[in-house]
Each structure stands twice: as C-alpha cells, then as structure tokens.
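>>> mind folding the following:
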Amino acid sequence: MDVKHVAKLANLTLKPNEEEKFKKQFAETLKTIDVINELDTSDIAPTSQVTGLTNVTRLDKIDASRIIKIGDYFKVPAIFNAQ
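Prediction:
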C-alpha cells in the first residue's frame, strides 16, 4: 500500500515515522476486510438500519393565535438586556 499516496488523497501531512505506522495499520485493516468478505451473508436480508425506529415529525402548521404583528414587523421577546 502506498501510504504517501493515500495521505495525499486524504490531504494529510505525515511525518516519516508515521508512514511505517500507518502502513502497518492499513495492512491490518485490509486483512480484517478480507475476513469480513469471506462471511456468508446470503441468508441475511438487506437492511439500512436494524432498530425498526423511524423519524417522528410533526406537521409544520402556523398557529395564528401566537403571532403578534405590529405594522410590517413581528413582535418577539427580547433576546438581550438593554442597560
């Protein structure tokens, strides 16, 4: 694995002593991926998530009774103390 090339693609500056360290780590990562690729997943259904949860959203409805408009402006609570 060309660590310098990968670092350049990731826009990383590596010190000389880091190159050997990352070369070993990349090799370990690729070995792990090889092991994972050997697993038989033919009986596993494809999924994008496993919790069964879905996003809960509300309708974006305007509550006209909460809008206070004065002329062309909206009146809102102060966000700072004027002193």
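>>> within the sheet, what are the partner strands of the least confident helix or strand in the chain by mean pLDDT, with directions?
Within the chain, no helix or strand scores below strand 69-70, which has a mean of 84 by mean pLDDT, DSSP states H and E. Partners of strand 69-70 in the sheet, by DSSP bridges, are strand 73-74 (antiparallel).
>>> contacts for the strand it pairs with next, please.
67, 68 (C-beta atoms under 8 Å, 6 or more residues apart in numbering). Where you see a C-beta, it was placed from the backbone N, CA and C, and this is true even at glycine.
>>> check the offset of that strand from the chain's centre.
Centre-to-centre, strand 73-74 and its host chain are 37 Å apart (C-alpha atoms, centre = their mean, to the nearest Å).
>>> what's next to the longest helix belonging to the chain, contact-wise?
With secondary structure taken from DSSP state H, the chain has its longest helix at helix 16-37. Here helix 16-37 makes contact (C-beta under 8 Å, 6+ apart) with 1, 3, 4, 6, 7, 14.
>>> residues in contact with the second one?
Same thing as residue 3. Going by C-beta under 8 Å, 6+ apart, residue 3 touches 14, 19, 22, 23, 26.
>>> residue most distant from the centroid, this protein?
Within the chain, residue 71 marks the point farthest from the mean C-alpha position, 43.4 Å out by C-alpha atoms, centre = their mean.
>>> hmm, back to that, could you turn the buried ones of the contacts of residue 3 into a ChimeraX selection?
Burial among those is assessed by 16 or more other C-beta atoms under 10 Å; the matching ChimeraX selection reads:
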select :14,22
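>>> which of the contacts of residue 3 sits closest to residue 76?
Residue 76 lies nearest to residue 14 out of the contacts of residue 3, by C-beta to C-beta, at 51.6 Å.
>>> can you pull out the low-pLDDT segments for the chain?
82-83 (pLDDT under 70).
>>> count of neighbours near residue 4?
13 (other C-beta atoms under 10 Å).
>>> can you add distance to residue 78 and give the contacts of residue 3 back as JSON lines?
Listed next are the contacts of residue 3 as JSON lines, based on distance: C-beta to C-beta, whole Å:
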{"residue": "14", "distance to residue 78": "52"}
{"residue": "19", "distance to residue 78": "57"}
{"residue": "22", "distance to residue 78": "54"}
{"residue": "23", "distance to residue 78": "59"}
{"residue": "26", "distance to residue 78": "56"}
